[in-house]
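**Q** sequence plus predicted model, see below.
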Amino acid sequence: MTALRDIAPASTELQTAFNWRENARAFDVRPFLKQPAQITPHYATELGALFSGDCMNVLPQLQEGIADTVFADPPFNIGKEYGSNTNDQQPDERYLEWCQQWLAECIRVLKPGGALFVYNLPKWNVPLGYYLMQQGMEFRHWIAIEISACLPIPKRLHPSHYSLLYYTKGSPKTFRRIRTPIQICRHCGGEVKDYGGHRDAMNPDGVTLKDVWTDIPPVRHWKFKSKNRKCNALSTKLLDRVVEMSTVPGDLVIDPFGGSGTTYAVCEEKHRHWIGSEIDFAEDIAERLQGGHIRSHKSDDWVEPLPQQHT
């Protein structure tokens with residue numbers, strides 16, 4: 001996560017002991033940096049590099065137009081306890097100002113046609129979506145991620161979804177269709193819907209993915225979470241869809257809020273390059289990636305085959 005205490009541009013100094021000579025097979029992030037001598041990653045794999053520090057120290061150091069997809073899951077400004085470097089309780093105006101700063105950097109590092117996904121509460125994604133449109137980004141979808149973890153709130157409807165904004169920098173250069181399995185009753189084994197009597201006309205690969213996702217499992221069990229990071233983690237199933245929908249193998253994904261490292265683990269599995277930053281738990285992410293400790297949720301999605309040049 002990134003610090004909310006200082007909204008002003010942060011120092012570019014990052015503490016790390018990464019040694020390129022000792023990691024000859026590691027992903028070389030230096031061609032993607034403006035000044036490679038200024039910062040080096042805390043950890044790197046053959047596919048990606050993780051920086052330990054504030055995302056506003058890292059994003060401005062990246063070259064313009066390098067990313068095929070950016071996925072951002074910032075702190076929600078609701079008073080959660082992250083690490084000692086993150087303050088998750090700011091005045092609304094200050095929080096939105098900070099979000100606009102890192103969003104501007106995310107737009108800058110995107111290639112033309114690149115995709116930007118922002119995961120947040122609907123309260124925040126409404127003004128953030130407006131900001132993105134002001135910056136010339138093309139609206140694609142407001143994806144509702146169903147949840148059932150909140151208690152009823154007086155004088156309000158029961159909150160039951162997180163928002164996943166999906167914008168592109170112009171017309172999308174990559175959009176791969178995803179289909180989900182036809183729903184089956186777990187008791188009788190029969191199909192739940194009759195699809196208006198047109199079942200025979202249904203695509204045998206499944207139902208076109210909707211913009212309401214009701215099948216993303218919550219991450220509650222410790223086998224899916226970092227032991228030192230007590231906050232919620234994202235399901236790999238959500239990141240599977242984001243990565244498969246908007247990229248092909250070899251593309252570059254940037255996630256400025258590393259959290260538990262889920263995005264990077266999915267990129268490793270899907271053979272995408274990645275660049276990330278994490279202000280509090282970079283060491284935990286490195287240990288989880290190195291030890292293969294980020295467990296995957298099962299996904300039955302059908303993904304459109306890759307273009308011929310990628311097969």
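**A** Perfect, thanks for sending it.

**Q** my read: Q35 touches Q61, true?
**A** Yes. Using C-beta atoms under 8 Å, Q35 is in contact with Q61, at 6.8 Å. Yep, even glycine has a C-beta here, placed from its N, CA and C like the rest.

**Q** which of those two has more neighbours?
**A** Neighbours per residue (other C-beta atoms under 10 Å) separate Q35 from Q61, with Q61 holding more: 20 against 9.

**Q** helices or strands up against the lengthiest strand in the chain?
**A** Counting residues, the longest strand in the chain under DSSP state E turns out to be strand 110-120. In this structure, strand 110-120 packs against strand 67-72, helix 92-109, helix 122-134, strand 161-168, helix 236-246, with contacts taken as 3 or more C-beta pairs under 8 Å, 6 or more residues apart in numbering; DSSP states H and E.

**Q** for the protein, just list every one of the strands.
**A** Under DSSP E, the chain gives strands at 43-44, 48-52, 67-72, 110-120, 138-146, 161-168, 178-180, 207-208, 212-213, 252-255, 273-278, 302-303.

**Q** how big is the angle separating the fifth one from helix 236-246?
**A** Strand 138-146 runs at 160 degrees relative to helix 236-246, counting by axes from the mean of the first three to the mean of the last three C-alpha atoms, to 10 degrees.

**Q** cool, and the third one?
**A** In this structure, strand 67-72 runs at an angle of 150 degrees to helix 236-246, with the same axes, to 10 degrees as the basis.

**Q** for strand 67-72, which strands pair with it and how are they oriented?
**A** Taking DSSP bridges as the criterion, strand 67-72 forms sheet pairs with strand 110-120 (parallel), strand 252-255 (parallel).

**Q** same question, the first one
**A** Strand 43-44 has the following sheet partners, assigned by DSSP bridges: strand 48-52 (antiparallel).

**Q** just the C-alphas of the strand it pairs with, formatted as CSV.
**A** Extracted as CSV, the C-alpha positions of strand 48-52 are listed here (Å, rounded to 0.1, in the frame of the first residue of the first chain):
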residue,chain,number,x,y,z
GLY,A,48,8.5,-9.2,-12.8
ALA,A,49,10.0,-6.8,-10.3
LEU,A,50,8.7,-5.6,-6.9
PHE,A,51,9.7,-2.2,-5.4
SER,A,52,9.5,-1.6,-1.6
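
**Q** what mean pLDDT does that strand get?
**A** The pLDDT scores in strand 48-52 average 97.

**Q** now that strand against strand 273-278, angle please.
**A** Relative orientation of strand 48-52 versus strand 273-278 (the same axes, to 10 degrees): 10 degrees.

**Q** ok now strand 48-52, how far from the chain's centre?
**A** Here strand 48-52 is found 15 Å from its chain centre; the criterion is C-alpha atoms, centre = their mean, to the nearest Å.

**Q** also stretch 132-143?
**A** With C-alpha atoms, centre = their mean, you get 16 Å for stretch 132-143.

**Q** enumerate the positions of that stretch that are buried.
**A** Of the residues in stretch 132-143, L132, M137, E138, R140, W142, I143 count as buried by neighbour count, 16 or more other C-beta atoms under 10 Å.

**Q** and it, what's its mean pLDDT?
**A** 98.

**Q** using CSV, list the CA coordinates for it.
**A** C-alpha atoms of stretch 132-143 as CSV (Å, rounded to 0.1, in the frame of the first residue of the first chain):
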residue,chain,number,x,y,z
LEU,A,132,-10.8,9.4,-15.6
MET,A,133,-13.3,10.5,-18.1
GLN,A,134,-12.0,14.1,-17.7
GLN,A,135,-8.5,12.8,-18.5
GLY,A,136,-9.8,11.3,-21.8
MET,A,137,-10.0,7.7,-20.7
GLU,A,138,-12.7,5.6,-22.4
PHE,A,139,-15.3,4.0,-20.1
ARG,A,140,-15.8,0.3,-20.6
HIS,A,141,-17.6,-1.1,-17.6
TRP,A,142,-18.6,-0.6,-14.0
ILE,A,143,-18.2,-4.2,-12.8
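
**Q** list of residues touching it?
**A** 103-104, 107, 115-116, 118, 125, 129, 163-172, 211-213 (C-beta atoms under 8 Å, 6 or more residues apart in numbering).

**Q** filter these down to the buried ones.
**A** Buried, going by 16+ other C-beta under 10 Å: 103, 107, 115-116, 118, 125, 129, 163-169, 172, 213, out of the contacts of stretch 132-143.

**Q** out of these, which one sits closest to R241?
**A** Nearest to R241 out of the buried ones among the contacts of stretch 132-143 is W213 (C-beta to C-beta; 7.7 Å).
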